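A.B. asks: below is the sequence, then the predicted model.
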Amino acid sequence: MKTKVHAAAGITGFLCILLFWTSTTVSELFGSYDEITGVKNMILNGMLILIPAMMVVGASGMSLGAKRKDPMSQAKKKRMPIIGLNGILVLVPSAFFLASKANAGEFDTAFYSVQAIELIAGALNLTLMGLNTRDGLRMTGRIKRKR
């Protein structure tokens, strides 16, 4: 059961970040300022799903891997602090800053600089979470391990 909760929370977190990243990219490239503002506000609301999901995936992962010493478990354990710190120190503050600037109609250099940082940080978290998902699927035997 714990494995299923871990997987569901991980998929939820990954899909939230993917939705935020994709929505941001599409709105920035093709949307109006009103649409960009809507996306920024949607991302803040979506954090009500993302943050608990990430807390559950982190806690369940630590519990599931507490006694494991194999290379894939160790790799997952090394990635999680990066994912968490990136979220707490970069992505969450960026989301609040960008929503505030967008709501004020301030699409200036600061907005786009932080937006670029947020997109890079989001892509990093998607990559690391994707690697963790791949390793988790290999550890459970759902996909074959490379030789």
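C.D. replies: Cool, the structure landed.
A.B. asks: what about the helices in the protein?
C.D. replies: All helices of the chain, identified by DSSP state H, fall at 2-30, 33-64, 71-86, 92-103, 109-139.
A.B. asks: the second one - contacts with which helices or strands?
C.D. replies: Spelled out, it's helix 33-64. helix 2-30, helix 71-86, helix 92-103 (3 or more Cβ pairs under 8 Å, 6 or more residues apart in numbering; DSSP states H and E). Heads up, the C-betas are built off the backbone N, CA and C, glycines and all.
A.B. asks: give me the mean pLDDT for that helix.
C.D. replies: Averaging pLDDT along helix 33-64 gives 95.
A.B. asks: measure how that helix sits relative to helix 109-139, angle-wise.
C.D. replies: 30 degrees (axes from the mean of the first three to the mean of the last three Cα atoms, to 10 degrees).
A.B. asks: buried set for helix 33-64?
C.D. replies: Buried residues in helix 33-64, counting neighbours by 16 or more other Cβ atoms under 10 Å, are found at 36-37, 39-40, 43-44, 46-47, 50, 53-54, 56-58, 60-61, 64.
A.B. asks: what's the spacing between it and its chain's center?
C.D. replies: Helix 33-64 sits 7 Å away from the centroid of its parent chain (Cα atoms, centre = their mean, to the nearest Å).
A.B. asks: least confident secondary structure element in this protein?
C.D. replies: Lowest by mean pLDDT, DSSP states H and E among the helices and strands of the chain is helix 71-86, with a mean of 91.
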